[in-house]
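In: next come a sequence and a model predicted from it.
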Amino acid sequence: MGKKVVKVLLRFIIAIFIIIAGYFTFMTITDYKPDKIINLNIDNNQKKVAKIGDKISLLTFNIGYCGLDSGQDFFFDGGNSSRSESKKKTIENLDGIIEFLNKNKTDIILLQEIDINSTRSFHINEYKKIKESLNDYSSIFAWNYKVPWVPVPITKPYGSVKAGLAVFSKYNINEANRYQYPGKEKWPKQLAMLDRCFTESRIPVEDGKELIVINSHLSAYDKGGEIRKQQLGFLRKYLIKEYSKGNYIIVGGDWNHLIPRTDPNIFNTTQKWPEWLVNIPHSFKPEGFKWVADKNTPSNRSTDIPYERGVNFLSVIDGFLVSPNVEVLSVKGYDMEFKYSDHNPVIANIVLKEKE
């Protein structure tokens with residue numbers, strides 16, 4: 001090999017090293033580092049106060065950034081796709097989700113994986129469009145994914161991500177906060193991962209207490225489950241503390257765990273149980289709290305392949321947990337066959353109970 005070739009090769013290696021080092025330096029400097037508790041803005045706040053005996057409806061829906069419809073797979077789960085199929089398809093999915101939300105207008109709506117400005121969803125501000133369609137709701141938004149650039153897959157990078165959790169409420173929200181979950185992946189993996197959190201919406205109740213509505217999106221892929229254990233432990237302590245004050249509590253969202261008393265085997269699919277899916281430990285649920293989920297309707301599908309009825313592994317990982325002073329009237333999962341997202345929506349109806 002000639003000296004000139006060696007020099008060119010050496011310069012190329014040095015250039016690659018500089019680019020990689022520059023990328024990690026940039027990502028480390030710009031890494032989103034939220035405070036443990038962040039007070040959130042409440043837009044278009046409504047005046048309605050919750051009353052004892054009110055029938056309150058709630059919806060939880062992980063909308064998959066309007067890019068994980070039935071025709072898509074996902075690279076992180078072993079598929080190939082890293083973005084929505086197209087801008088047109090993203091808008092179609094968003095419009096379909098908005099239509100469903102308006103057709104099934106619940107009092108409180110909890111959404112996860114809602115993009116504001118991301119490569120994966122063609123920079124469509126999904127939160128703005130949904131908020132405009134729900135103009136008679138209070139609304140809050142909290143970041144949980146804020147990354148300048150995710151460089152994988154190499155051929156079609158995930159790109160820039162700005163996304164989070166959103167809550168819409170027919171009721172007045174007295175105060176709203178973002179709580180950072182403990183536990184993070186090791187550097188540099190964490191630089192491209194979500195900053196897991198839950199939102200707290202404090203709704204005044206006529207008896208002087210508060211209805212606390214939690215919108216949560218737990219981790220799914222941490223090896224060994226250590227991060228998820230920390231998150232569940234943190235949430236449990238929070239729930240016990242707030243319930244001891246006499247408050248009413250509803251936790252909804254994407255648990256990324258199999259919800260107790262549900263069984264994926266009833267869905268009769270051919271794929272095997274994925275490694276990431278684990279049960280919620282029995283020790284997590286505070287005494288007297290109740291799980292609220294539709295065991296007969298899958299809320300999530302595997303995304304290593306596009307959706308094919310009878311093939312994809314199906315499970316129930318979306319639902320609610322309510323405090324003992326909340327009575328559950330009904331719960332229903334809506335089997336949309338994952339038309340707009342890799343999740344299906346779940347709606348629950350509850351009543352705030354009188355003090356015994």
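Out: All right, it came through fine.

In: would you confirm that residue 160 contacts residue 148?
Out: Yes. Taking contact to mean Cβ atoms under 8 Å, the distance of 5.9 Å between residue 160 and residue 148 places them in contact. (Each C-beta comes from the backbone N, C-alpha and C, glycine too.)

In: what about the helices in this protein?
Out: With DSSP state H as the criterion, the chain has helices at 3-30, 87-103, 126-133, 226-243.

In: okay, those helices in TSV with distance to residue 47, mean neighbour count and mean pLDDT next?
Out: Formatted as TSV, the entries for the helices of the chain read as follows, by distance: least, Cβ to Cβ, whole Å; neighbours: other Cβ atoms under 10 Å; pLDDT from 0 to 100:
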stretch	distance to residue 47	mean neighbour count	mean pLDDT
helix 3-30	40	11	68
helix 87-103	21	17	98
helix 126-133	18	18	98
helix 226-243	24	17	97
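
In: dump those to JSON lines, plus distance to residue 204.
Out: Formatted as JSON lines, the helices of the chain follow (distance: least, Cβ to Cβ, whole Å):
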{"stretch": "helix 3-30", "distance to residue 204": "38"}
{"stretch": "helix 87-103", "distance to residue 204": "24"}
{"stretch": "helix 126-133", "distance to residue 204": "22"}
{"stretch": "helix 226-243", "distance to residue 204": "14"}
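
In: in this protein, where's the longest strand?
Out: Counting by DSSP state E, the longest strand found in the chain is strand 138-150.

In: quick check: angle from that strand to helix 126-133?
Out: Between the axis of strand 138-150 and that of helix 126-133 there is an angle of 160 degrees, by axes from the mean of the first three to the mean of the last three Cα atoms, to 10 degrees.

In: and strand 138-150, what does it pack onto?
Out: Helices and strands touching strand 138-150, as assessed by 3 or more Cβ pairs under 8 Å, 6 or more residues apart in numbering; DSSP states H and E, comprise helix 3-30, strand 159-169, strand 175-180, strand 197-204.

In: try 10 Å this time
Out: In this structure, strand 138-150 packs against helix 3-30, strand 108-115, helix 126-133, strand 159-169, strand 175-180, strand 197-204, strand 210-217, with contacts taken as 3 or more Cβ pairs under 10 Å, 6 or more residues apart in numbering; DSSP states H and E.

In: which non-adjacent residue is nearest residue 137?
Out: Once its chain neighbours are removed from consideration, residue 137 has its nearest residue in residue 168; the separation is 4.0 Å (Cβ to Cβ, 6 or more residues apart in numbering).

In: can you report how many residues lie near that neighbour?
Out: 26 (other Cβ atoms under 10 Å).

In: show the contacting residues for it.
Out: In this structure, residue 168 makes contact with 43-44, 46, 59, 101, 105-111, 130-131, 133-134, 136-140, 201, judged by Cβ atoms under 10 Å, 6 or more residues apart in numbering.

In: repeat the analysis, applying 7 Å as the threshold.
Out: Contacts for residue 168 (Cβ atoms under 7 Å, 6 or more residues apart in numbering) come out as 109, 134, 137, 139.

In: circling back to that earlier point, ok and the longest strand of the chain relative to strand 159-169, angle-wise?
Out: Taking the same axes, to 10 degrees, one finds strand 138-150 and strand 159-169 inclined to each other by 170 degrees.

In: strand 138-150: how far from the chain's middle?
Out: Taking Cα atoms, centre = their mean, to the nearest Å, one finds strand 138-150 lying 11 Å from the centre of the chain it belongs to.

In: return it as PDB; C-alpha atoms alone will do.
Out: Output of strand 138-150 as PDB, limited to C-alpha atoms (Å, rounded to 0.1, in the frame of the first residue of the first chain):
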ATOM      1  CA  SER A 138     -58.400  22.600  29.400                       C
ATOM      2  CA  SER A 139     -55.100  21.300  28.200                       C
ATOM      3  CA  ILE A 140     -51.500  20.600  29.300                       C
ATOM      4  CA  PHE A 141     -48.400  19.300  27.600                       C
ATOM      5  CA  ALA A 142     -45.200  17.800  29.100                       C
ATOM      6  CA  TRP A 143     -42.000  16.900  27.200                       C
ATOM      7  CA  ASN A 144     -40.700  13.300  27.600                       C
ATOM      8  CA  TYR A 145     -38.700  13.100  24.400                       C
ATOM      9  CA  LYS A 146     -36.500  16.000  23.300                       C
ATOM     10  CA  VAL A 147     -33.500  14.900  21.200                       C
ATOM     11  CA  PRO A 148     -31.700  16.900  18.500                       C
ATOM     12  CA  TRP A 149     -30.900  13.800  16.400                       C
ATOM     13  CA  VAL A 150     -31.100  10.100  16.700                       C
END
